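Q: Provided below for reference: sequence and predicted model.
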There are 2 protein chains.
Amino acid sequence: MPKVGMEPVRRKALVDAALHVIGDQGTLSVTMSDIARQAGVSAALAHHYFGSKEQLLVETVRSLLKQLRDDTVTALNAAGTPRERLSAIVRVSFQADQFAPETIAAWLAFYSEAQRSEETRRFLVIYARRLHSNLVSSLKQLCVADDAQRIAEGTAAMIDGLYIRRALGSSPVTADASIALTDDYITLNLHARQPQEHAA
Amino acid sequence: MPKVGMEPVRRKALVDAALHVIGDQGTLSVTMSDIARQAGVSAALAHHYFGSKEQLLVETVRSLLKQLRDDTVTALNAAGTPRERLSAIVRVSFQADQFAPETIAAWLAFYSEAQRSEETRRFLVIYARRLHSNLVSSLKQLCVADDAQRIAEGTAAMIDGLYIRRALGSSPVTADASIALTDDYITLNLHARQPQEHAA
DNA sequence: TTTTATTGATTGATGGATCAATCAAAAATA
DNA sequence: TATTTTTGATTGATCCATCAATCAATAAAA
């Protein structure tokens, strides 16, 4: 069995498995065995490569975050105008894999974990900052800096809120509806505060 | 010791203790011992009155929800116009005790739990529906029904989102700022879609 | 043969649940 | 009023399952 160079393969498999199982069960209280089984290896091997469950979980948030960042970068590169960039950011947030119930359940679990794990909180704060910063960056080209901050704050909140409501699975919040709602919010704000701006 | 009629007293003490401990630790993975200790009784007594940890947790969500409902009813009674009622709903969501870090941590933990516990999800769905319904009820007097639905959806999402961002404790989301942001969202929407409405 | 990969077996700790045993107030009885 | 009986309240001790973590052993490269 043991081909050399398995480490990166196993690490990835385990992180993916963790994400899968966590999303499926909706909690971080999954066992190392659950994760290992999903990855097709023994629990002992998971410990061998990650040292502890906590470390594996940390790597898992990191991975979740990286995925989102990569998607965002790609989307931003394809967008031309500032307004298009804003829509791109919104769209990425609600695109298929991010908005899948299991993915949201995993995010939720990590948000809860952030209350305890300093490292997890750090990662989530990074996500929040990045989203905010991306929004502000485009908004500043469309309105005054002060408004840009406010609109970014509201947009970010709405995105996160739509996630939560989706997690409950109550109201049929489709991805498209979520995108429309968030995009409308931006448009509304820009039209309300910007008319006199084109003079500058 | 045993004065008769302790049951309601103990139940309340245990539920309050559960809320306290859960909010403090930010997770439902608190032990019955932790809760019982906080309530000043033995773990065995908690089992005696609630049968299981799960049941105690369910009663705890119920209590959290009841608190919010009572506050909302009070606020709505004090509000006159539909627009005032909307602001009242928003204000209640961010009022001191609801917006306290421990309370938010508890909410978050329960949202995560809803992925597993059918009963917990039921309660949270009720909360979501009630919020939505309260919003729509007032909005319909200020704009067309179709818009009312949409605005309610966005408002609810923004409220939930601001909660999450507060939970992270990153950006300094004060209660006042949150109220302003949400209220602005409502105002903006009403002004944007309503001008031609006064003709009807 | 040395190194890397891998696992089954084992363990220490934790925590939910159960239960037999107290304790004291209240009610019934004398 | 004094005495006995009953019952709710309460707990310490304990059982049992789960789980993270460790380790010694095995198997396949190199």
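A: Everything's here; your move. Because the structure is predicted, anything quoted here is derived from the model rather than measured.

Q: next, see if the lowest-mean-pLDDT helix or strand in chain A gets close to chain B.
A: Counting by mean pLDDT, DSSP states H and E, chain A has its least confident helix or strand at helix A:96-99, which shows a mean of 86. No - contact between helix A:96-99 and chain B, assessed by CB under 8 Å from any CB of the partner chain, is absent, since the two come no nearer than 13.6 Å. C-beta here means a position set from N, CA and C on the backbone, and glycine is covered the same way.

Q: which residues does the following helix or strand past that helix contact?
A: Using DSSP states H and E, the helix or strand that follows helix A:96-99 towards the C-terminus is helix A:101-113. Counting contacts by CB atoms under 8 Å, 6 or more residues apart in numbering or on different chains, the residues outside helix A:101-113 that touch it are A:19-20, A:22-28, A:57, A:61, A:64, A:97, A:120, A:123-124, A:163-164, A:166-167, A:169, B:26-27, B:105, B:108-109, B:111-112, B:115, B:164, B:167-168.

Q: may I see the ChimeraX selection of the buried members of these?
A: In ChimeraX, selecting the buried portion of the contacts of helix A:101-113, with burial taken from 16 or more other CB atoms under 10 Å in any protein chain shown, looks like this:
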select /A:19,20,22,23,24,25,26,27,28,57,61,64,120,123,124,163,164,166,167 /B:26,27,105,108,109,111,112,115,164,167,168
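
Q: ok so, going back, what helices or strands is the least confident helix or strand of chain A leaning on?
A: Judged by 3 or more CB pairs under 8 Å, 6 or more residues apart in numbering or on different chains; DSSP states H and E, the packing partners of helix A:96-99 are helix A:53-78, helix A:175-193.

Q: now for these, which one comes closest to B:Met32?
A: helix A:53-78 (23.0 Å; CB to CB).

Q: quickly check: that closest one near chain B or not.
A: No - applying CB under 8 Å from any CB, one finds that helix A:53-78 is not in contact with chain B, the shortest distance being 12.9 Å.

Q: tell me how far that helix lies from the chain's centre.
A: Helix A:53-78 sits 7 Å away from the centroid of its parent chain (CA atoms, centre = their mean, to the nearest Å).

Q: what of stretch A:21-39?
A: 19 Å.

Q: do it and chain B meet at all?
A: Yes - counting by CB under 8 Å from any CB, chain B has neighbours in stretch A:21-39: A:25-27, A:29.

Q: what's the answer for stretch A:137-148, then?
A: No - for stretch A:137-148 and chain B, the contact criterion (CB under 8 Å from any CB) is not met; the two come no nearer than 10.8 Å.

Q: report the buried residues of that stretch.
A: If you call a residue buried by 16+ other CB under 10 Å, then stretch A:137-148 has these buried ones: A:137-140, A:142-143, A:147-148.

Q: just to revisit the earlier point, could I get the helices and strands packed on helix A:96-99 as TSV with mean pLDDT and distance to B:Val90?
A: Rendered in TSV, the data for the helices and strands packed on helix A:96-99 read as follows (pLDDT from 0 to 100; distance: least, CB to CB, whole Å):
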stretch	mean pLDDT	distance to B:Val90
helix A:53-78	96	30
helix A:175-193	94	16
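
Q: of all the ones you listed, which lies closest to DNA strand D?
A: helix A:53-78 (3.7 Å; CB to the nearest atom of the strand).

Q: ok, then the element right after that closest one?
A: Moving toward the C-terminus from helix A:53-78, the first helix or strand encountered (DSSP H and E) is helix A:82-93.

Q: so that next one, near chain B or not?
A: No - no part of helix A:82-93 sits close enough to chain B to count as contact by CB under 8 Å from any CB; the gap is at least 11.5 Å.

Q: returning to what we had before: nearest to DNA strand C, of the helices and strands packed on helix A:96-99?
A: helix A:53-78 (11.9 Å).

Q: what helices and strands are in contact with the closest one?
A: For helix A:53-78, the elements it packs on are helix A:6-25, helix A:32-39, helix A:43-50, helix A:82-93, helix A:96-99, helix A:101-113, helix A:118-139, judged by 3+ CB pairs under 8 Å, 6+ apart.

Q: model confidence at A:Met1, what's the number?
A: Here the pLDDT value assigned to A:Met1 is 45.

Q: residues from chain A in reach of DNA strand D?
A: Taking CB under 7 Å from any atom of the strand as the test, the list of chain A residues beside DNA strand D reads A:1-4, A:29-33, A:43-44, A:47-48, A:51-54.

Q: hmm, 10 Å instead?
A: Neighbours of DNA strand D within chain A, by CB under 10 Å from any atom of the strand: A:1-5, A:25, A:28-36, A:42-48, A:50-57.

Q: show me which of those residues are buried.
A: For the residues of chain A next to DNA strand D, a neighbour count by 16+ other CB under 10 Å gives the buried set as A:25, A:28, A:30, A:32, A:34-36, A:43, A:45-46, A:50, A:53, A:56-57.

Q: which one of the residues you listed is nearest B:His191?
A: A:Leu28 (44.0 Å).

Q: for that closest one, what are its contacts?
A: A:Leu28 is in contact with A:22, A:57, A:109-110, A:112-113, counting by CB under 8 Å, 6+ apart.

Q: one more: A:Ile151?
A: For A:Ile151, the contacting residues are A:135, A:139, A:143, A:186, A:189-190, taking CB under 8 Å, 6+ apart as the criterion.

Q: any idea how many residues pack against the closest residue to A:Leu14 other than its chain neighbours?
A: The shortest distance from A:Leu14 to any residue other than its chain neighbours is 4.9 Å, reached at A:Ala39 (CB to CB, 6 or more residues apart in numbering or on different chains). A count of neighbours around A:Ala39, defined by other CB atoms under 10 Å in any protein chain shown, yields 22.

Q: okay, A:Ala39 and A:Leu45: tell me how far apart.
A: Taking CB to CB, to the nearest Å as the measure, A:Ala39 falls 8 Å from A:Leu45.
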